[in-house]
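K.L.:
for reference, the sequence and a predicted model appear below.
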Amino acid sequence: MIDKSRYTLAESVADIADGAVVLVGGFGMAGMPSELVDALIEQGARDLTIVSNNAGNGETGLAALINKGRVKKMICSFPRQADSHVFDALYRAGRIELELVPQGNLACRMEAAGAGLGAIFTPTAYGTELAEGKECRTIDGKHYVLEYPIQGDYALIKAHQGDRWGNLIYNKSARNFGPIMARAARCTIAQVSDIVGLGELDPEAVVTPGIFVQRVVAV
Amino acid sequence: MIDKSRYTLAESVADIADGAVVLVGGFGMAGMPSELVDALIEQGARDLTIVSNNAGNGETGLAALINKGRVKKMICSFPRQADSHVFDALYRAGRIELELVPQGNLACRMEAAGAGLGAIFTPTAYGTELAEGKECRTIDGKHYVLEYPIQGDYALIKAHQGDRWGNLIYNKSARNFGPIMARAARCTIAQVSDIVGLGELDPEAVVTPGIFVQRVVAV
Amino acid sequence: MSDKSIANESMIKLTREQLAARVALDIPEGAYVNLGIGLPTLVGNYLPGEGDYFLHSENGLLGMGPAPASGEEDPELINAGKQYVTLLPGGCYFHHGDSFAMIRGGHIDICVLGAFQVAANGDLANWHTGDPDAIPAVGGAMDLAVGAKQIFVMMEHLTRSGESKIVPQCSYPLTGIGCVKRIYTDLAVIDITETGLRVREMVAGLSFEQLQALTAADLVDAT
Amino acid sequence: MSDKSIANESMIKLTREQLAARVALDIPEGAYVNLGIGLPTLVGNYLPGEGDYFLHSENGLLGMGPAPASGEEDPELINAGKQYVTLLPGGCYFHHGDSFAMIRGGHIDICVLGAFQVAANGDLANWHTGDPDAIPAVGGAMDLAVGAKQIFVMMEHLTRSGESKIVPQCSYPLTGIGCVKRIYTDLAVIDITETGLRVREMVAGLSFEQLQALTAADLVDAT
C-alpha cells in the first residue's frame, strides 16, 4: 500500500540538503506552507535557493529562514513589501542574492520545468532591463525573450485536502503557485488541513494529481 | 447581462469563414462535439484547416466534413484508424494535406498559443523525421526541437455542464483536448449537455473558466 | 513650479474617486478586466452593479467581487494587492500558471495600471524608480503590460514635486515598450496614437495650452 | 529461415500472456506507469491486485482500473487505445496538456511500448514502417519515448517473416533516439547498456548461441 501521508513535519523535510533549490508556495500569506517552512528552519539546511513570489513577511516563516542566514539566493517577483524588512536589510548588506523574475515568467518557467520543456520564448520583459543579456527573437512580428525552466529539488506547498496517493485540492486564492510548484519539483511536500480517504476527492475536481506529490503532511 | 448560452447550434457557427483554422476536440468519440461539427457541415465553410487528434471515424462528424471536401488540411497526431477510410482515401489521392504532430506537441503547441508564448523547445521528436528541417538546440545536455504555437480561429469542443458566463466542467476522459483548445482559439464554442445557473458550478472545480469560452450551446 | 501655479488658478482636478469613476465609464459590459494595485483598484467600485463585468486578479481569481463585510474576511481570499475580497456567483479559482496564461495569451481585454512615467510612444515605467538603494520588485506588471489587449494608465498628471509624468522618453526603467493605449489623469484623458498624444478630454477650467504647459511631451488637441 | 528452425527445436516461447506477466514482475509498487496500445496493455492484467500501481493513460486518466463489467461501459471513459476502462478510487481526470506534462516532464516512471525495431544503442522504431503508401500516425509514442524515466519495449523477438526486431541500426523511421532501457521478448530479457545488449534471461530450452543466431545485433551473455 502506498501511503504518502505517513510523514511527520520533521520527517517530511529531513532529507533537504544544503544547497537545495526549494520552491515555496504562497502569495502573501495565502497558501504559505508556514509549518513546513518552520520545519525546514528546525532542520537546519543552508545555502538554499528559495523560489517564491515574495521574500518573507514580518519575522516569521520565510522571513525567519532568511533571517537565520540559510538562504543564499531568492528567486522571486516581489521581494519589497511593507513588512519585508528582514530581506531588505540582508539585500542592502549584500548578504543575499536576488534574481528578480516577472510573476508570469516565474509561473511559466516553473510550468516549463514541470512539463519537460527546454526553454520558452515569452513576450514578458522584452525591452526592459530584466531582459538584458538574454536571447531575444521576433516571431510573427512580436518580440520575445528566451527563458529557461526553474526546477526545484523540493517544493513546499499548502493545500486544503489531500489523500494517501497525494491528490490535492486547494482553498480559494491559496491555490496560487501550489499546483505549478508541485509539478516543477523532484520532491513535492504538501501540508494539508485534512487528509481524506482514498476516493473521497471528486476525480473531476482534483487539482493536483498525486503523481506530482511525494509527501503529504496534515497540520 | 452577459449570456454566452443564448445561441442555437446554427447561430453558434454562423460566422466561421472559409479558410478558418478550427480546433475540434475529442479523442476518438469521447469529447467529440458531433452536433457542432454537423452544424459546421450545414453552414458550408470550406478550405478549413482542422486541428484534432484524429482525422474522423466512419462516415459521420469530422469524417463527413472531410468527405464533403471542406477540409484543406488536417493537423493531427493519429489519422490512421480502423475506420478512417474517408481521410485515408482523400490523403492517398493527394486531395487533403496532413501535418502530423506528436500528440504531446499538439497539446503543448496549443497551450503555447493560449498562454501567449512565441515558441517552445520540446524534446519530443528530436532525431526523428518529424523534426526534419526544424531548429534544434541542446540545453543542459538534452536535445530539443523548436515548435511554434497552434492558434485556432475557432474551437469546437464538448463539455458536460456550462453556465452563461462560459464556465465549463467536463465528463471523465471526454475532457481530453477541450480545455487547451478553449484557450488556444480566438472564439471557443462549447456544446454542453446541460446549462446550469450562475453559481451552480463549484468555483474550485471549474475546469475551463469562462474567459476562454465565447459561446455555449445546449445539445 | 510656475507652470503648476498657472494651471492651479482655475482648474478643478479630479479626485481619486472621480478619476476611478471616469475610467470605469470606458469599460464595456462583458469586459475581462485586471485592475492594478493601488489607484486602479478603485475602478472596481464604479462599475455598474447591474451589469456583468469580469474582474481578474493575477493570484488566481476571475469574477472577483467587492470587499467582504467586516468580520467576513477570509485570509485565503485576497486580491493581488493582498486585500480581502469576495467571489461573485459564476466566479472561479485557478493557479498562477492559468492566471498568467489569461494575461499573456491576450485573454484580458483591459488592464488598468498605475505609472511613474508614460512616454509619447506608449512606453510604460511603473515598477522601479531606478534608485540604486531601492529594493526592486516587479510582480505581474511586465506580464500585464505585454499581455492585455488594451493597457489603460491611470495616474496623477504630475509627480508630488510637480513634474510631468507624461514624457518624451521614460527616464525610469521600462515595464513595457509601446504598450499604453490611453492615459487617464486627474487633468485629462489622452490617447496614444500613431499621430501623437491626442487629448480627448480635460477637466473644467483647464485650457489646452495650460495642459500642454504641464506636460513634458507634445500633445495634440483632439477634444 | 534456418536460424529460426534451429531454435525451434527445443525452446518454448512465452505466450503473450506470459510475456505480459514477466514485464509486470519488474514494475514496483507505487510506480507511475503508461502502457502502450496493444500488447503492453496486457501488462495491467498481471500487476498484483493488492498493491498500489498507478496506471496513466495519455488521454487524461491516472489511476486507471480494469475493463468494466459488461453493460457498464461508458463511452466517455476510455483509454488511449479507445477501449472501455474504469477509474480506481483515488484516480483522477485531467486534460491533454497536463497529461503530456506528466509524460514529457519525467513524472512517469515506466512506459512499456511495442516496437517494430529496437537498435543496439536504444533507438526505437515503432510508429511507421516507412511504407510510402501507409498513412502515417504517431499518437503519443514520440512523447512517451523521450519523456518517461524508463522505456521498456515488449515485443515478439522476430517479425512474422522471421527477421530479428533487435537490430544494429533501425531501418524503419525512428520514434526516439537512445531511449530504450530494456527489451522483453517472447525469447529473452535484454538490457541496453553502455557495454552492449546484455541478455539477462532466456526462455527454457534456448541457448545463448541460439538466441544470438536469431538476433541481428550482437548480444552479451549476462544471464
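P.N.:
On my side now, so go ahead. Numbering: from 1, shown residues only, chains lettered A, B, ... in the order given.
K.L.:
for the chain, which segments count as strands?
P.N.:
Going with chain A. Ranges of strands in chain A, per DSSP state E, are A:21-24, A:48-51, A:71-76, A:97-100, A:119-122, A:136-139, A:142-147, A:152-162, A:168-169, A:185-195, A:215-218.
K.L.:
not quite, go with chain C.
P.N.:
Taking DSSP E as the criterion, chain C carries its strands at C:32-35, C:54-57, C:61-65, C:86-93, C:110-113, C:117-119, C:124-125, C:150-155, C:166-167, C:180-185, C:188-193, C:196-202, C:219-221.
K.L.:
pull the residues that contact the second one.
P.N.:
Right, strand C:54-57. The contact list for strand C:54-57 (Cβ atoms under 8 Å, 6 or more residues apart in numbering or on different chains) reads A:173, B:165, B:210-211, C:30-35, C:44, C:61-65, C:79-80, C:85, C:99, C:102-103, C:108. (Each C-beta comes from the backbone N, C-alpha and C, glycine too.)
K.L.:
where does the closest residue to residue A:28 other than its chain neighbours land on pLDDT?
P.N.:
Distances taken as Cβ to Cβ, 6 or more residues apart in numbering or on different chains put residue C:82 closest to residue A:28, at 4.3 Å, once the chain neighbours are dropped. pLDDT, residue C:82: 93.
K.L.:
residue A:32 is in contact with residue C:82, correct?
P.N.:
No - here residue C:82 does not reach residue A:32: they are 11.7 Å apart, not a contact under Cβ atoms under 8 Å.
K.L.:
which regions of chain C lie under the pLDDT threshold?
P.N.:
Scanning chain C for pLDDT under 70 picks out C:1-9.
K.L.:
so where do the helices sit in it?
P.N.:
Taking DSSP state H to define them, one finds helices in chain C at C:2-8, C:16-25, C:96-104, C:141-147, C:208-213.
K.L.:
could I get these as JSON lines with mean neighbour count?
P.N.:
Putting the helices of chain C into JSON lines (neighbours: other Cβ atoms under 10 Å in any protein chain shown) gives the following:
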{"stretch": "helix C:2-8", "mean neighbour count": "14"}
{"stretch": "helix C:16-25", "mean neighbour count": "18"}
{"stretch": "helix C:96-104", "mean neighbour count": "27"}
{"stretch": "helix C:141-147", "mean neighbour count": "31"}
{"stretch": "helix C:208-213", "mean neighbour count": "17"}
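K.L.:
export these to a markdown table and tack on distance to chain D?
P.N.:
Formatted as a markdown table, those follow (distance: least, Cβ to the nearest Cβ, whole Å):
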| stretch | distance to chain D |
| --- | --- |
| helix C:2-8 | 54 |
| helix C:16-25 | 35 |
| helix C:96-104 | 10 |
| helix C:141-147 | 19 |
| helix C:208-213 | 50 |
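K.L.:
format the strands of chain A as JSON lines; extra columns: mean pLDDT.
P.N.:
Compiled in JSON lines, the strands of chain A are given as follows (pLDDT from 0 to 100):
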{"stretch": "strand A:21-24", "mean pLDDT": "98"}
{"stretch": "strand A:48-51", "mean pLDDT": "98"}
{"stretch": "strand A:71-76", "mean pLDDT": "98"}
{"stretch": "strand A:97-100", "mean pLDDT": "97"}
{"stretch": "strand A:119-122", "mean pLDDT": "98"}
{"stretch": "strand A:136-139", "mean pLDDT": "98"}
{"stretch": "strand A:142-147", "mean pLDDT": "98"}
{"stretch": "strand A:152-162", "mean pLDDT": "98"}
{"stretch": "strand A:168-169", "mean pLDDT": "98"}
{"stretch": "strand A:185-195", "mean pLDDT": "98"}
{"stretch": "strand A:215-218", "mean pLDDT": "98"}
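K.L.:
out of these, which is closest to chain C?
P.N.:
Checking those against chain C by Cβ to the nearest Cβ gives strand A:97-100 as the closest, at 5.2 Å.
K.L.:
show me what counts as buried in the closest one.
P.N.:
Neighbour counts over strand A:97-100 (16 or more other Cβ atoms under 10 Å in any protein chain shown) mark A:98, A:100 as buried.
K.L.:
for residue A:129, what are its contacts?
P.N.:
With Cβ under 8 Å, 6+ apart, residue A:129 has these contacts: C:173-174.
K.L.:
if I look at it, how far off is residue A:97?
P.N.:
From residue A:129 over to residue A:97 the distance is 17 Å, taken as Cβ to Cβ, to the nearest Å.
K.L.:
that older thread, of residue C:82 and residue A:32, give the one with the bigger neighbour count.
P.N.:
Between residue C:82 and residue A:32, counting by other Cβ atoms under 10 Å in any protein chain shown, residue A:32 is the more crowded of the two (28 against 19).
K.L.:
skip the chain neighbours and tell me the closest residue to the more buried one.
P.N.:
With Cβ to Cβ, 6+ apart, the residue lying closest to residue A:32 is residue A:26, at 3.3 Å.
K.L.:
I'd like to know which elements the longest helix seen in chain A is packed against.
P.N.:
Longest helix in chain A by number of residues (criterion: DSSP H): helix A:103-115. Contacts defined by 3 or more Cβ pairs under 8 Å, 6 or more residues apart in numbering or on different chains; DSSP states H and E place helix A:103-115 against strand A:119-122, strand A:142-147, helix A:178-184, helix C:96-104, helix C:141-147, helix D:96-104.
K.L.:
so for that helix, mean pLDDT?
P.N.:
98.
K.L.:
distance from the chain centre to that helix, please.
P.N.:
Centroid displacement of helix A:103-115 relative to its chain, using Cα atoms, centre = their mean, to the nearest Å, is 11 Å.
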